[in-house]
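Peer 1: A predicted structure for the sequence below; I have some questions about it.
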Amino acid sequence: MTGGPEPISTAGREELERELAGLRVEREAVAATLRDGGGDEVGDRADEADELQRGDDLDRLDTRITEIEGRLKEASVAGVPSTDAVGVGSSVTVRFEDGTESTLHIGELANALDATLVTADSPLGRALLGHRAGDTVTYDTPEGRTTAVVLSLG
């Protein structure tokens, strides 16, 4: 990542929006239990612990909601992925050391259903970031170091 606003792929945005919607529903449910129990005097220590746990859950949910909202806002500012250099949201065609070619999508979130997705923090993803067509990148695999050539961005 560049440290500045990073673009995000459509699939990545949709995944974050789904997670955000789920977190908001969960947050409302937790907040409702605190509101509903707010008029009762706290009983024994187990009741106190339960209320503290719900408060911690609310803090955790609020933190993640803020993170996602910030990432989505950042992606909106960043605009579309660059076609000059590989970045988050880019589609890149590479030729691997064994001669096979593949078009990959650089994303932030792993998705088991998308075999073409490479996360930006994976060894190959990190190696590709910032490179241009014609560049050769080196990265580590379980079998050892290997290379790939960036053929094109799109």
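Peer 2: Yep, that arrived.
Peer 1: what does the average pLDDT come to for the helix or strand where residue 14 lies?
Peer 2: With elements taken from DSSP states H and E, the one containing residue 14 is helix 10-36. In this model, helix 10-36 has a mean pLDDT of 86.
Peer 1: tally of neighbours for residue 75?
Peer 2: Summarising burial for residue 75: neighbours were counted as other CB atoms under 10 Å, giving 22. C-betas here are computed from N, CA, C, even on glycine.
Peer 1: What segments of the chain are strands?
Peer 2: 91-96, 101-107, 117-119, 136-141, 144-153 (DSSP state E).
Peer 1: hey, which of the ones you listed is tucked in deepest?
Peer 2: Comparing those on average neighbours per residue, with mean count of other CB atoms under 10 Å, the densest one is strand 117-119 at a mean of 20.
Peer 1: what are the pairing partners of it, and which direction each?
Peer 2: For strand 117-119, the paired strands and their directions (DSSP bridges) read strand 101-107 (parallel).
Peer 1: show me where pLDDT drops low in this protein?
Peer 2: Within the chain, the stretches falling below the threshold (pLDDT under 70) are 1-7, 9, 11, 36-46, 77-83, 109-115.
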